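Asks: sequence plus the predicted model coming up.
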Amino acid sequence: MYVNNGEISSRQTFRLYVFDLMGIATLLLPPYLAQLCGIDGIWAILIGTGAGVLYLIYLGWVMKRMQMDACTYLRENTGVIFRFTTVGLVWLHSIITAGFCAYVFSNLMQYTLVRESKFWIILFVIVLVAAYAVSGGIESRARVYEVLFLPVLIPYIAMMLATIKDFEFVYVEDVFRVSGRQLLEGSYLVFLFLAPLFYSLFLIGEKEKNYGRNVVKTILCSIGLSALILFLSYVLLVGNFGENALAKMRFPVVTIMSTIQFKGNFLKRMDALMLGVWFFTLYALLNLHLHYGVLLLKDAALKENKNQKAKQEGRQTKWWQLVVPSVLVFGIAYVLQQYEDGIRLFLNYYAYVAVPIMVVLPLVFVIVGRKNKSA
């Protein structure tokens, strides 16, 4: 398990996906959900999570028919044009999403810790560190987040529970008052933050007889824990601020951390330490998409070779395969910073372009691959 073979264990997969799913959702989703649904956002979270579970089951069905990771499947069972078109689409999406994660991460750091620093300097350092982490392979990242899982998660839950003392029940009493359309829009918004599930098709997990079954079970547990954390966080945020105030906040979950007061000089700065929760989770999501940006670029250049040594050399990451995605990620993040609301711009891209493609594409994998097999 602890070798550089591109594989990670079920436990590492679970912990990585919890970070990928809960971090950016708890940070960005609450104000947008409050604008759409108010307190009824709790039902949107439940419905959106249910849609995410159905999507994962659908991906599991695709995995069962592929019996291998998507990169290998496309290379062995589809034509050259289809393979490069598909890999190109997923690669471009990975780079755009990595750029968005770098943009949010840099904004959060500038907003909370280093207000006087220039955005591009913060962004450059973040992308540089992310590129270095990706160069170590998915296994190195999995081991790091396996160790950090409990030290990051337990303090976050403890801090959120500490906000109960200021909870106002009057803010959460008026439920079931939004229209069905608003509820569906809020549910779809929640589903957007579960989009990283798509990459489970490209995941090389532990070798198993029924490929994909354990992957689906593991990620299903990640969805459950992430949804529970998001649900509780949203209820506590509405109960503390009210839906109108919550809808106008930039990073409400960071704001609520700053309201918690402890006795003692050290504990008074626990809110600053808790920023590490989103630093780690945003960094994990940035690494996820940058990893696939590098992997897919490397896979596109890979040629099948019977010589084992040549095959192994082809799978090694070359400097340009790491530099090109990193430069593009930096550029996309910098461009998003120039817009007044880069987050909404990206969410529109996700809602109308990326997610519809990620829903349809797995089925196309199966249909085209089966057609080539029968031919």
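Replies: That came through fine. Predicted, not measured: the structure shown is a model, and the values here were computed from it. Residues are numbered from 1 along each chain as shown.
Asks: just the element for the nearest residue to Phe105 once chain neighbours are set aside, please.
Replies: Closest residue in space to Phe105, ignoring its immediate chain neighbours: Leu282 at 4.3 Å, by Cβ to Cβ, 6 or more residues apart in numbering. From N, CA and C alone the C-beta is placed, and that goes for glycine too. Using DSSP states H and E, Leu282 sits within helix 270-300.
Asks: which positions within that helix qualify as buried?
Replies: Judged by neighbour count (16 or more other Cβ atoms under 10 Å), helix 270-300 contains these buried residues: 270-271, 274-275, 277-300.
Asks: which other helices and strands contact it?
Replies: For helix 270-300, the elements it packs on are helix 10-37, helix 70-77, helix 80-112, helix 119-135, helix 137-161, helix 252-258, helix 319-337, judged by 3 or more Cβ pairs under 8 Å, 6 or more residues apart in numbering; DSSP states H and E.
Asks: which stretch among these comes nearest Gln182?
Replies: helix 10-37 (5.5 Å; Cβ to Cβ).
Asks: quick one, the closest one and helix 137-161 angle?
Replies: Comparing the axes of helix 10-37 and helix 137-161 via axes from the mean of the first three to the mean of the last three Cα atoms, to 10 degrees yields an angle of 50 degrees.
Asks: from the chain's centre, how far out does helix 10-37 sit?
Replies: Counting by Cα atoms, centre = their mean, to the nearest Å, helix 10-37 is centred 7 Å from the centre of its parent chain.
Asks: now that helix: average pLDDT?
Replies: Here helix 10-37 scores 89 as its mean pLDDT.
Asks: one more: stretch 122-131?
Replies: Across stretch 122-131, the average pLDDT comes to 92.
Asks: same thing with stretch 221-238?
Replies: Average pLDDT, stretch 221-238: 93.
Asks: let's see it as PDB, backbone CA atoms only.
Replies: The C-alpha trace of stretch 221-238 is given here as PDB (Å, rounded to 0.1, in the frame of the first residue of the first chain):
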ATOM      1  CA  CYS A 221     -19.500   6.900   3.500                       C
ATOM      2  CA  SER A 222     -17.600  10.100   2.600                       C
ATOM      3  CA  ILE A 223     -20.800  11.700   1.200                       C
ATOM      4  CA  GLY A 224     -22.700  10.800   4.300                       C
ATOM      5  CA  LEU A 225     -20.200  12.400   6.700                       C
ATOM      6  CA  SER A 226     -19.700  15.400   4.500                       C
ATOM      7  CA  ALA A 227     -23.500  16.000   4.200                       C
ATOM      8  CA  LEU A 228     -23.900  15.700   8.000                       C
ATOM      9  CA  ILE A 229     -21.200  18.300   8.600                       C
ATOM     10  CA  LEU A 230     -22.700  20.600   6.000                       C
ATOM     11  CA  PHE A 231     -26.200  20.200   7.400                       C
ATOM     12  CA  LEU A 232     -25.200  20.900  11.000                       C
ATOM     13  CA  SER A 233     -23.000  23.900   9.800                       C
ATOM     14  CA  TYR A 234     -25.900  25.400   7.900                       C
ATOM     15  CA  VAL A 235     -28.400  25.000  10.700                       C
ATOM     16  CA  LEU A 236     -26.000  26.600  13.100                       C
ATOM     17  CA  LEU A 237     -25.100  29.500  10.700                       C
ATOM     18  CA  VAL A 238     -28.800  30.300  10.200                       C
END
